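Asks: only the shape, not the letters, is given here:
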């Protein structure tokens, strides 16, 4: 039975690509996303056509018991979850305080912070019993500083970062590797950036960033580092790292 | 009509003492706390006996509309809120993940993070219209690093810190001073530390910290700095500062 | 005999103004700067005319024994040094690596980092013997993040910040309050900003920042906070704080 | 002609092992260390016996022109330096301020901060002309917080961290990858930890950390991550990461 790599938030950018990277290495990738059954199917097909093993599920992570049941059925039917990638963001674009409803603020927390808490509460006992496991969390610079218009996003990501440190403190010694990965730049991801910008603007951006597109962060290249972090020997675990394109300023240099 | 200093979370430690400090300086202090009408009455009496002006209200901050209605009625009946101290914590003691219920995790966020968001959403438009205002937030080291057993607390405080930075970015230029104050040490506060430890242990701690008690952080002394920050000229605002007793290690030195 | 407030780096901006603030409160201010005897004389005159007590000395802080001898002669001839403000910067403007000579890089360290180390090595034993003392350090955002062109400055300030934390860890429990103050904005200071920009541009900047000039940080207002920090009760010491104008973005929001 | 990986500070711990890792991947490793010709020879032999390519040189990095000449002769005689590992520390153990001589304080800076500045000043123009290069810097938690007794070490490491950010800001867009790696734990390194503790204590520590020794950070495992970072595609560069054993508390949790 293959070990499972569970991706919560598996679009065509980081999430799906990381799933594929683990599948390439012999994991069974379980890809979960909220919507777009067709896009999900394509991700699973891409993996299986390449000789890998994958399943895809639509999952509304903010719904009660959704994550909990998903974990339970994977463990029952597919295999032991060895790696989890929590890849849900809470970016809703820049909004002034007066345009940030209570509901929007809560939704950010419910997805990005509480979602990870629920996932960790569910998988950590399983991983602890097996003496090993990896929890990768895709994060953003909003986790380390709050900008204008980012009330909901920054609060959700900042809370999540502290949660990751708290999880790491409890579960590191029990063999569970928690890593918080700060993505500091635009990712070449049609499902998120592409939809935010629209097809035309997205293509313009891709072209303006050079022939090689490497001003945008390439998901396959991001996935290499996620995979490396998950494979680190337990004597040398990384808890936090940042990633950005060579051509981008670091957030602290803007 | 006196300007109002509203304290959300007014126990006999930092909250009530800061209220008194502002009352001493000519503000009308509005003290809000969840319970203990008697303790609240005593705080108000202490202020009025000293020649100051104060009101006290029981307020369950997690209840919908509680903060919003309180702000509205203060503005209608008492005076313009010039200074707000958000002094609610979310410390529930150290708890392993398995002992941290979803409800406890959510309650931490609801009090410490969402509570501030609701308060800011309510008072910022008023302050912005007047071109000035001060929002002081009492924080803890859990806002800057997550420790073992602090899942709920750290997530709530870390989210709040990022929210404060986001509020500051939007409202600083509009004349609203947001300050995030990291209290790094035990406060000589009977209502929080005292209750947590019990009367006897609390007294032992006070005695062990020396005749002058200055190993515990003295609320009146903390209040002096809160007051100073609130009075800073707008060309020299402090957004974040830490405070601890001379005899304590900083959190980064433990 | 009045307690002494020693200012190393006493121009007409923060340094001289802080000296005056302490003199107003009954300290004898000892103002030291590298050059401009006339400007120094004017600062001393301003203080004495206002009824305060002050001395001024030209001091080349990078010269061996300069700081050490100054401290010794103050203690012998004037009074006990209760407060030190280390106000030397190492800003040399933006320079590419290839334009940053070894000498310039070393000079930054020699002034801003080693200078404080020498000062601390000299005054800490005196303060420790007296069981009290205050060391205020004016810092810059280069201490918390390195920008392009800031090789020398950032290395010097970053090293100094860590030195301040190390000093604080050793000497806090001995009654010496070390505070690291991050000035995040342009100061309305003719001796530094004024000289850097030239008289005309400086005046333009002052005018563009509004009638009240409070887009530039006003030295007298900065001095109020320095003074407050130095007076904090030892149960509530602040080690680090930032300061900026309400109208400026925080460094992390740029 | 093989690309060169230059290691400054090549003992039997991180430095030599990283050199070997790059040699395994086809680089020519140039190992430099201050003393112990025999130990150096052994490192070079180990690499060549394993089929790799390496040279070893004794190098006193604080000596003027030492680093500069080494770079020049490598480029002239061996090959283009594609990767540099700056692996010099400045740890001298805990020393009170009064026991930290001016000379010791300066030596820390001269090795750990100025040494990197000199190296960067020398290799960056070469790398920039080739449009690519990697500068890896081994760092310590003293770079992010100053502890008691760490005056020299923390000042040197903190300055270096800011220098790395400044280098990154200038040279990232020119294709030079600067990475600052915070090693937060004891490394299983006979040349540093072993000598500090003495043979017997070192062996005890190794044994107490478990059969697998993975409470101590294993240099070969560290080297895997260094190698990965150096190979990251330029669209996804990491500038900073931490590493520690699963069984160790992170520095912020102590």
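Replies: On my side now, so go ahead. Keep in mind that this is a model prediction, so the values were computed, not measured.
Asks: make it CA atoms for all contacts and neighbour counts henceforth
Replies: Fine.
Asks: relative to residue A:93, how far out is residue A:99?
Replies: In this view, residue A:99 and residue A:93 are 11 Å apart by C-alpha to C-alpha, to the nearest Å.
Asks: residue numbers of the stretch 101-250 of chain A in contact with chain C?
Replies: By C-alpha under 8 Å from any C-alpha of the partner chain, the residues of the stretch 101-250 of chain A that approach chain C are A:145, A:146, A:147, A:148.
Asks: turn the residues you listed into CSV, including secondary structure.
Replies: As requested, these are exported to CSV (DSSP: H, G, I helix; E, B strand; the rest coil):
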residue, secondary structure
A:145, coil
A:146, coil
A:147, coil
A:148, coil
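Asks: and the residue in the stretch 101-250 of chain A positioned nearest to chain C, what are its phi and psi?
Replies: Per C-alpha to the nearest C-alpha, residue A:147 is where the stretch 101-250 of chain A lies closest to chain C, at 5.6 Å. Main-chain torsions, residue A:147, degrees, to the nearest 10: phi -100, psi 170.
Asks: isn't it up against residue C:253?
Replies: Yes. Between residue A:147 and residue C:253 there is a contact under C-alpha atoms under 8 Å: 5.6 Å.
Asks: those two - which one has more neighbours?
Replies: For residue A:147 versus residue C:253, neighbours defined as other C-alpha atoms under 10 Å in any protein chain shown are more numerous around residue A:147 (26 against 18).
Asks: residues in contact with the closest residue to the more buried one other than its chain neighbours?
Replies: Among residues not flanking residue A:147 along the chain, residue B:166 sits closest, at 4.8 Å (C-alpha to C-alpha, 6 or more residues apart in numbering or on different chains). Shown in contact with residue B:166 (C-alpha atoms under 8 Å, 6 or more residues apart in numbering or on different chains): A:145, A:146, A:147, A:148, A:149, A:150, A:151, A:154.
Asks: ok, now with 10 Å
Replies: By C-alpha atoms under 10 Å, 6 or more residues apart in numbering or on different chains, the residues touching residue B:166 are A:96-97, A:142, A:145-155, B:160, B:172, B:178, C:253.
Asks: okay, and the common contacts of residue A:99 and residue A:93?
Replies: residue A:149.
Asks: the helix or strand where the residue nearest to residue A:147 lies vs helix A:151-171, what angle?
Replies: Element membership for residue B:166 (DSSP states H and E) is helix B:151-171. Angle, helix B:151-171 to helix A:151-171, by axes from the mean of the first three to the mean of the last three C-alpha atoms, to 10 degrees: 150 degrees.
Asks: let me see the mean pLDDT of stretch A:121-137.
Replies: In this model, stretch A:121-137 has a mean pLDDT of 98.
Asks: and the end-to-end length of it?
Replies: 15 Å.
Asks: ok so, going back, need the residues touching each of residue A:147 and residue C:253.
Replies: B:165, B:166, B:168, B:169.
Asks: in a markdown table, list those residues along with distance to residue D:53 and pLDDT.
Replies: As requested, the shared contacts of residue A:147 and residue C:253 are arranged in a markdown table below (distance: C-alpha to C-alpha, whole Å; pLDDT from 0 to 100):
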| residue | distance to residue D:53 | pLDDT |
| --- | --- | --- |
| B:165 | 52 | 98 |
| B:166 | 53 | 98 |
| B:168 | 56 | 98 |
| B:169 | 54 | 98 |
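Asks: give the residue farthest from the middle of chain A.
Replies: Residue farthest from the centre of chain A, counting by C-alpha atoms, centre = their mean, is residue A:98 at 29.2 Å.
Asks: so how far is chain C from that one?
Replies: Residue A:98 is 20 Å from chain C, where distance means C-alpha to the nearest C-alpha, to the nearest Å.
Asks: who's in contact with that residue?
Replies: A:149, B:120, B:121, B:122, B:124, B:125.
Asks: just checking, the first one touches residue A:105?
Replies: No. With contact taken as C-alpha atoms under 10 Å, residue A:149 and residue A:105 are classed as non-touching, separated by 11.7 Å.
Asks: list residues touching both of those two?
Replies: A:92, A:97.
Asks: number of residues surrounding the closest residue to chain C within chain A?
Replies: Using C-alpha to the nearest C-alpha, residue A:254 is the residue of chain A that sits closest to chain C, at 4.8 Å. Using other C-alpha under 10 Å, residue A:254 has 11 neighbouring residues.
Asks: can you show me the helices along the stretch 151-254 of chain A?
Replies: Using DSSP state H, counting those that start in this stretch, the helices of the stretch 151-254 of chain A run over residues A:151-171, A:195-197, A:199-208, A:219-231.
Asks: low-confidence ranges in chain A?
Replies: For chain A, the stretches flagged by pLDDT under 70 are A:210-213.
Asks: okay, buried residues for stretch A:53-71 please.
Replies: By neighbour count with 16 or more other C-alpha atoms under 10 Å in any protein chain shown, stretch A:53-71 contains the buried residues A:53-62, A:66-68, A:70-71.
Asks: how about stretch A:107-125?
Replies: In terms of neighbour count (16+ other C-alpha under 10 Å), stretch A:107-125 has its buried residues at A:107-124.
Asks: so which of those residues would count as near chain B as well?
Replies: A:109, A:110, A:113, A:114, A:117, A:118, A:120, A:121, A:122, A:124 (C-alpha under 10 Å from any C-alpha of the partner chain).
Asks: restricted to helices, list those residues.
Replies: For those, the ones inside helices are A:117, A:118, A:120, A:121, A:122, A:124, with DSSP state H as the criterion.
Asks: quick check: of the residues you listed, which lies closest to chain B?
Replies: residue A:121 (6.5 Å).
Asks: who are the contact partners of that closest one?
Replies: A:68, A:115, A:167, B:97, B:98, B:99, B:100, B:101, B:102.
Asks: now, among those residues, which is nearest to chain D?
Replies: Of all those, chain D sits closest to residue A:167, with 11.6 Å by C-alpha to the nearest C-alpha.
Asks: so the closest one is in contact with residue B:95, correct?
Replies: No. Checked against C-alpha under 10 Å, the pair residue A:167 and residue B:95 is beyond contact range at 11.4 Å.
Asks: so what sits against both of the two?
Replies: B:148, B:149, B:150, B:151.
Asks: return only those of these found close to chain A.
Replies: Among the shared contacts of residue A:167 and residue B:95, the ones lying near chain A by C-alpha under 10 Å from any C-alpha are B:148, B:149, B:150, B:151.
Asks: give the contact list for the last one.
Replies: With contact taken as C-alpha under 10 Å, 6+ apart, residue B:151 is in contact with A:117, A:159-160, A:162-167, A:169-170, B:92, B:94-97, B:100, B:104-105, B:108, B:142.
Asks: residue A:127 - nearest residue in space that isn't next to it in sequence?
Replies: Distances taken as C-alpha to C-alpha, 6+ apart put residue A:133 closest to residue A:127, at 5.2 Å, once the chain neighbours are dropped.
Asks: please apply the same query to residue A:81.
Replies: Spatial nearest neighbour of residue A:81, chain neighbours left out: residue A:4 (4.5 Å); criterion: C-alpha to C-alpha, 6+ apart.
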